[in-house]
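Novice: following is a predicted model, sequence given first.
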Amino acid sequence: MVVMSKPAMEHHCAATTLFPEIPLIDLSKPDSKNLIVKACEEFGFFKLINHGVPTEFITRLESEAIKFFSLPLSEKEKAGPVDPFGYGNKKIGSNGDVGWVEYILLTTSNEANYQKFSAIFGEAAEKFRYAINQSQTKTLHILYLFDFRCVFCSFAVNDYVSAVKKMAYEILEMLADGLKIQPRNVFSKLLMDEESDSAFRLNHYPPCPELNQETNGMNLIGFGEHTDPQIISVLRSNNISGLQISLKDGNWISIPPDQNSFFINVGDSLQVMTNGRFNSVRHRVMANGSKSRLSMIYFGGPPLSEKIAPLPSLMKGEDSLYKEFTWYEYKKSAYKSRLADNRLGVFEKIVAS
Ligand SMILES: C=C1C[C@]23C[C@@]1(O)CC[C@H]2[C@@]12CC[C@H](O)[C@@](C)(C(=O)O1)[C@H]2[C@@H]3C(=O)O
Ligand SMILES: O=C(O)CCC(=O)C(=O)O
Ligand SMILES: [Fe+2]
């Protein structure tokens with residue numbers, strides 16, 4: 001268990017409501033595509049059941065993650081710091097954000113892509129080494145290595161990420177069908193692309209003993225409010241609560257955890273590609289007084305060179321709400337921002353009234 005000092009931040013920020021019910025999508029039902037579109041428009045978020053990701057991939061990765069996070073801090077820190085990938089403790093990003101969380105952030109990029117990406121972060125990123133691991137499912141992934149020492153069980157990560165990616169492609173194709181746009185791989189091809197710039201994160205929120213009866217009503221931020229910059233995020237957690245989403249009216253709702261389901265977030269890039277029709281959901285995680293929360297999130301992003309712009313077939317004569325930009329430009333700008341910032345703001349067009 002990691003030893004942490006005082007809680008990083010304390011806030012009175014209880015979720016204001018438990019309603020409305022968040023959308024529940026059953027991937028095995030053929031009519032789900034319209035419900036997914038509705039969920040992305042209204043919430044930018046939904047819960048997914050009958051997802052097809054093998055339970056053994058989930059449980060194996062979870063137990064590897066528990067093993068890793070149970071190591072002494074000095075061991076875990078050998079996999080740090082996060083610049084921009086690796087083991088991190090409390091510090092989120094490089095612009096002063098903190099939370100009651102420790103994590104591992106990995107790239108799922110290939111090496112060539114990483115070289116381009118590292119240009120954003122300068123020489124520090126160059127010190128890292130990569131190796132290709134071939135998983136049992138024969139899917140290639142670059143696993144992040146530190147001085148050639150694997151910090152994580154590659155099979156567990158590769159198998160899990162491969163299965164989750166497949167599911168993400170299916171969701172994105174159902175979205176294209178639901179939106180009645182062609183080709184149906186218009187979104188999914190961006191994640192399938194060899195150059196897709198996707199990431200994977202394991203978050204561990206240790207229990208915070210200071211959050212007990214005496215501090216009744218106090219809440220501690222595990223992961224501060226933000227939107228995800230990518231196209232889509234696929235989140236799975238253990239059965240410990242903490243995740244909250246913001247409704248369009250600004251009210252926060254708590255999402256009851258479910259270790260057998262996935263939760264899908266619309267990211268900023270998908271909001272732009274749908275010209276604001278889909279909502280990039282603001283979300284956060286509250287820490288718990290007595291129990292550990294463990295989450296694993298796949299962030300599906302496009303190739304760095306990809307232009308992120310509204311799809312013409314969705315515009316129906318309307319103007320784009322956004323200036324044109326590439327994912328590289330957006331990511332560069334996003335990584336200079338604070339967690340809670342409205343990262344799309346700088347890319348919004350000023351519309352004359
Ligand atoms: C404060 C930051 C952390 C973050 C990069 C950023 O500058 C702004 C976006 C943050 C975020 C949120 C979603 C994902 O967890 C993440 C990996 C991402 O792509 O954007 C994180 C970044 C991070 O933790 O490095
Ligand atoms: O850990 C979680 O449940 C969500 C974390 C999150 O939103 C993120 O890592 O971007
Ligand atoms: Fe997030």
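Specialist: Cool, got the structure. Ligands and ions are numbered 1, 2, ... in the order given.
Novice: verify the assumption that Ala168 is located in a helix.
Specialist: Yes - membership of Ala168 in a helix is supported by DSSP: H, G, I helix; E, B strand; the rest coil.
Novice: and it, how many neighbours?
Specialist: Using other C-beta atoms under 10 Å, Ala168 has 25 other residues around it. Glycine gets a C-beta too; all of them are placed from N, C-alpha and C.
Novice: contacting residues around it?
Specialist: 188, 191, 232, 234, 298, 300 (C-beta atoms under 8 Å, 6 or more residues apart in numbering).
Novice: one more: Cys208?
Specialist: Residues counted as contacts of Cys208 (C-beta under 8 Å, 6+ apart) are 7, 100, 220, 287-289.
Novice: by pLDDT, give me the weakest of those residues.
Specialist: Lowest in pLDDT among the contacts of Cys208 is Pro7, which has 40.
Novice: need the next SSE after whatever helix or strand Ile264 lives in, C-terminal direction.
Specialist: Element membership for Ile264 (DSSP states H and E) is strand 262-266. Once the chain leaves strand 262-266, the next helix or strand it forms, by DSSP H and E, is helix 268-273.
Novice: ligand 1 contacts on the protein?
Specialist: Neighbours of ligand 1 within the chain, by C-beta under 6 Å from any ligand atom: 84, 92-93, 95, 97, 105, 199, 201, 226, 228-229, 299, 334-335, 337-339.
Novice: out of these, which end up buried?
Specialist: Among the residues of the chain next to ligand 1, those buried by neighbour count (16 or more other C-beta atoms under 10 Å) are 84, 92-93, 97, 105, 199, 201, 226, 228-229, 299, 334, 337, 339.
Novice: close to ligand 2 as well: tell me which of these qualify.
Specialist: Applying C-beta under 6 Å from any ligand atom, the subset of those adjacent to ligand 2 comprises 201, 228.
Novice: tell me how many other residues surround the nearest residue to Gly80 once chain neighbours are set aside.
Specialist: Spatially, and ignoring its direct neighbours in sequence, Gly80 is nearest to Tyr87 (4.1 Å; C-beta to C-beta, 6 or more residues apart in numbering). Using other C-beta under 10 Å, Tyr87 has 24 neighbouring residues.
Novice: next one: phi and psi at Tyr87?
Specialist: Main-chain dihedrals, Tyr87, degrees, to the nearest 10: phi -90, psi 130.
Novice: what about Glu77, how many residues nearby?
Specialist: Neighbours around Glu77, by other C-beta under 10 Å: 15.
Novice: that older thread, what pLDDT, on average, does the strand holding Ile264 get?
Specialist: 98.
Novice: so Ser196 makes contact with Pro302?
Specialist: Yes - counting by C-beta atoms under 8 Å, Pro302 is a contact partner of Ser196 at 6.4 Å.
Novice: overlap in contacts, these two.
Specialist: Taking C-beta under 8 Å, 6+ apart as the criterion, Ser196 and Pro302 both touch Leu190.
Novice: tell me the secondary structure for the nearest residue to Gly93 once chain neighbours are set aside?
Specialist: Distances taken as C-beta to C-beta, 6+ apart place Leu339 nearest to Gly93, at 6.3 Å, with adjacent residues excluded. Look at Leu339: counting by three-state DSSP, its state is coil.
Novice: ok, back up a step: how close does the residue nearest to Gly80 sit to Ile49?
Specialist: According to C-beta to C-beta, to the nearest Å, Tyr87 stands 32 Å off from Ile49.
Novice: now do Gln259
Specialist: Here Gln259 is placed at a distance of 12 Å from Ile49 (C-beta to C-beta).
Novice: now do Thr326
Specialist: Going from Thr326 to Ile49 by C-beta to C-beta gives 36 Å.
Novice: and the contacts of Cys208 as JSON lines, adding neighbour count and secondary structure?
Specialist: Below are these laid out as JSON lines (neighbours: other C-beta atoms under 10 Å; DSSP: H, G, I helix; E, B strand; the rest coil):
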{"residue": "Pro7", "neighbour count": "20", "secondary structure": "coil"}
{"residue": "Trp100", "neighbour count": "27", "secondary structure": "strand"}
{"residue": "Leu220", "neighbour count": "21", "secondary structure": "strand"}
{"residue": "Ala287", "neighbour count": "25", "secondary structure": "coil"}
{"residue": "Asn288", "neighbour count": "19", "secondary structure": "coil"}
{"residue": "Gly289", "neighbour count": "15", "secondary structure": "coil"}
